[in-house]
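J.: Sequence first, then the predicted structure:
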Amino acid sequence: MLSLLILVPLIGIVILNLSARAPARRLAFWFALLIFISQILLAACRHPVLWNVEMKQIDTFFKVSLSMDQISFIMLLCIGIVSIASLLVARHTIYDEKELFKFVNLLIITSIGMNGIVLVKDIFTLYIFLEITALASFVLIALEKDRNAIEGSFKYLILSAIATIMLLTSIALLFMVSGSTSFEAIRQALNLANNNIILFAIGLFVCGLAIKGGLVPFHAWVPDAYSSAPAAVSVLLGGIVTKTVGIYTLIRLLIAVFGFDPSLKTILLALGALSIVFGALAAIGQNDMKRMLAYSSISQVGYIILGFGCGTFLGIAGAIFHIFNHSIFKSLLFVNSAAVETRLGTTDMNKMGGLSSKMPITGTTSVIGMLSAAGVPPLAGFWSKLMIIVALWQSGSKTYSFIAIMASVITLAYLLIMQRKVFFGKLSIENENIDEARIGISTASIMLAVIIIGSGVFFPLVFNKFIAPIQELIIR
Amino acid sequence: MNNSGLLLAAVFVPVMGAFTLPAIGRISEHLRNALALIFVLASLVASAMLVPTVLSGQTITVALAGPLGFNFVLTADPLSVFMAIVSSFISVIITMYSFGYISHYPNRNEYYTMVVLFIGAMMGLVFSSNLILLYIFWEITAIASWRLIGFFREKQHVIKADKAFMVTIFGALAMLFGFILLYAETGSFDLAVIKGYFGVNPISNWIVLLILLGILSKSATLPFHTWLPDAGVAPSPVTALLHAAVLVKIGVYVFARLFVMTLPIAAIWHTVVPIIASASALISAGAALIETDMKRIIAYSTISQIAFIFLGLAVGGNIGIAGALLYILMHGIAKGGLFLCAGIIEHGTRTKDITKMGGLLASMPITAISFLFCALSVMGVPPFGGFFSKYMVMSGAFNQNVWIAMVFLVGAFLTIIYLFRLFNMIFMGEEKAHSEAEGSRVMVASVAILGILSLAGGIWISYPAAYVQITLKQMLGI
């Protein structure tokens, strides 16, 4: 069953590309929508009957060992939701039909890569899926082929290549020590042998993933890549790609393979706090809406790492929930920026102001996204931050807990600047004739806003159904 | 309806109802206005219907267990019902007044949504008996007031709205941190559990300090007071709602709920808080003396009066606490009235600068009389309501600490001076600004009600005083 999450989109792409005529191109959009929706439904209902279906022929043919657990469910859900948002935005921002077709193909490939990352339990297969996702993202960023886009894509490519070398070296070393590439085998081998080579391998792996996840001080590519990419791609990248590629993988490997070393914890906590404060401070100074959101991503990733760095159930659960929340509110904010960009043709915030009177849906949903990002209750972002902060305090990292809570003030500061410059305030004369965003974009923003409010207000239900089960994975 | 139903209705009718208003506003303005009033009125009626039960000594609790100690617990006891009735009653009058005031500005849908949401969140805050729930409602009030302060969308207004939001959120986060420390120590966010725990264990001063930061920032007390005068750029009913009746009382209420009722704070705080309050009272009174913007004067006056409430609650002693509770009621009515009068004057004369006013007594007689009544109540002149509360607070203070009480006596004199100055500049002397009409009938009626109540509250002081006595017994467990 699990392999279908990878095989169905893959076969679909092949068939669609056999005849790249106009009808097939139009079909591609609906096909992508269909597979993302079914992915969301499958991940949300989580009925074991659905997930445990055995398929003999396919399983013998496609010999990748996949497994599913509570964290994967949440990630699959995020991937589905953000992909839909990105798809809807693309429909109204990429006007050329051929370009849209290319986009849809690449989007599906990215989602295949991410689904793979989430499901594998073998370190080398993991690497392959990481590269699939990364390659598709390079092309996506450079889709418009203008100078900035290619520059952003190039930066990402180079840094990603460095990360790749680190990952590969590390995998080779781990293979040397353990003689296998599966998570379980490596874990057992690491338990027996404990020497400096292993420490070096783990360090390399963590560094590689930190580059891919855009943590300070490895963040240099993030603002360029996010802000130069087409609107729909920013939604995808900012919402989910870097979180899956970098952060989720890190979490998965530490839980399943490497285990929590005290010195690793120290490093993670320091990196996390640094990212939070640096990202937020840098965001204050930005005039470009997408760059501000990109720095905000760096800062929010810091929260995830900080929560994860506790190593306790509450911390990890908070981190996973924050990945979910971040993917929703950050893609919402990027969808809002896409809406503004399509109407004004710019992302320079100094040329905006008072837009919420002309774009009420965009304005209202952006307030919801922003408040969730700043961790204001009763929205979803509040709960995950609260869990992270409580976990930090309980695990004894009191200073970090204080930094995390007080950095919310800086987060709020830059988000309020964005609101003031873009949506709140007085409408300028040259923007008097703009309209609300097109229906697809508005649908995406309403959908995401509803998820934010719903998962915030009904947090106890969300916690019991999705987050509490994570406990099984951590306490072994 | 049974008691727990009433309790839920008091909170959730306005909270949920608020979100239906924008949709209804697209269909009919009148229906939306009527519904907004009904939602707020529902809170008032539901809270009032809880009175007999709480007076008989019972407390009503609605509890729903949540994960990690984030329980949903609403409790109605004499204190919370008192606070709920005071704030929802003033809110009803302010909502009525808004019908006249806001009718010709854009974004009316947003206005009513935010006002009703604000009131609902206030109700939730008053009744909540779990710290996280309390914090959630606390922040909803912050969000609503942020939108309302920036309601007119001018650049300066939005900057001031952001400032108010930032200051209160900073305090709120400090307070949240304090709550988390409480949780780490006691293992629960429920007030009942926390009270039981600290019945035997001493509480760390750090926790008190952190929570106090939140309270002071929300109640606009020194050194976090600067957002309140700036928030005067909001529409006048909002200023009345925010400054007088509801928002600034949140901090005071939480102080009473946590530090008087639940946590045994160290003796030092009974001196430190009054000292902070005395500085706040004097400095803001001084600022009120030299300001020329009508709404800023009243805002500074609020800061100064809030300090009296803190004094009453913090010096300890039954009479001080009883006085502080009465002060919440009397000041809410009188200060709400002053702001609403200011709204009428601003509409009539199109200015907020008192040096450009004068002689408005002739063209605005009812407003002038109401203004005078409310002002006399704030000053604490007998037989107005404010006299009794101020007297009780001062008498409580003199029992405990004479020097601080003397400072507050100066603050009380200053109050008389700046309010008379304000009244003189606006209503007396030769006519500088002219106003044709006094404002719409519903607006004038609203201020008249508050003016009369300021007097009536003094004449029939025995009724609220009797209620406060019962509240006091329940709060202190005597």
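T.: Received, thanks.
J.: residues in contact with stretch A:93-109?
T.: Residues from elsewhere that reach stretch A:93-109 (Cβ atoms under 8 Å, 6 or more residues apart in numbering or on different chains): A:9, A:12-13, A:16-17, A:20, A:22, A:25-26, A:28-29, A:31-32, A:35, A:83, A:86-87, A:90-91, A:132, A:136, A:139-140, A:143, A:230-233, A:236, A:338, A:341-342. Placement of C-beta: from N, CA and C, glycine included.
J.: Mind doing that once more with 6 Å?
T.: A:9, A:13, A:25, A:28-29, A:32, A:90, A:136, A:139-140, A:231-232, A:338, A:342 (Cβ atoms under 6 Å, 6 or more residues apart in numbering or on different chains).
J.: top of those by neighbour count?
T.: Counting neighbours by other Cβ atoms under 10 Å in any protein chain shown, A:Ala338 comes out on top of the contacts of stretch A:93-109 with 32 neighbours.
J.: Can you classify it by secondary structure?
T.: Here A:Ala338 takes the helix state, with states given by DSSP: H, G, I helix; E, B strand; the rest coil.
J.: contacting residues around it?
T.: Going by Cβ under 6 Å, 6+ apart, A:Ala338 touches A:Val89, A:Thr93, A:Ala231.
J.: Mind doing that once more with 7 Å?
T.: Residues near A:Ala338 by Cβ atoms under 7 Å, 6 or more residues apart in numbering or on different chains: A:Val89, A:Thr93, A:Ala231, A:Ala232, A:Val235, A:Ile441.
J.: Chain neighbours aside, what residue packs nearest to the second one?
T.: Which is A:Thr93. A:Ala231 (4.7 Å; Cβ to Cβ, 6 or more residues apart in numbering or on different chains).
J.: Go ahead and confirm that neighbour touches A:Arg343.
T.: No - here A:Ala231 lies out of contact with A:Arg343, judged by Cβ atoms under 7 Å, at a distance of 11.5 Å.
J.: Could you verify that B:Ala220 is part of a strand?
T.: No - B:Ala220: not assigned to a strand; according to three-state DSSP it is coil.
J.: Count the residues that sit near it.
T.: 28.
J.: What about the nearest residue to it once chain neighbours are set aside, how many residues nearby?
T.: Spatial nearest neighbour of B:Ala220, chain neighbours left out: B:Leu228 (3.8 Å); criterion: Cβ to Cβ, 6+ apart. B:Leu228: 25 surrounding residues under other Cβ under 10 Å.
J.: From B:Lys335, how far off is B:Leu228?
T.: Using Cβ to Cβ, to the nearest Å, we find B:Leu228 at a distance of 12 Å from B:Lys335.
J.: Residues that sit against both of those two, list them.
T.: Common neighbours of B:Leu228 and B:Lys335 (Cβ under 7 Å, 6+ apart) are B:His243, B:Thr302.
J.: Just the pLDDT at the nearest residue to B:Thr186 once chain neighbours are set aside, thanks.
T.: Nearest non-adjacent residue to B:Thr186, counting by Cβ to Cβ, 6+ apart: B:Tyr197, 4.3 Å away. You'll see B:Tyr197 listed with a pLDDT of 87.
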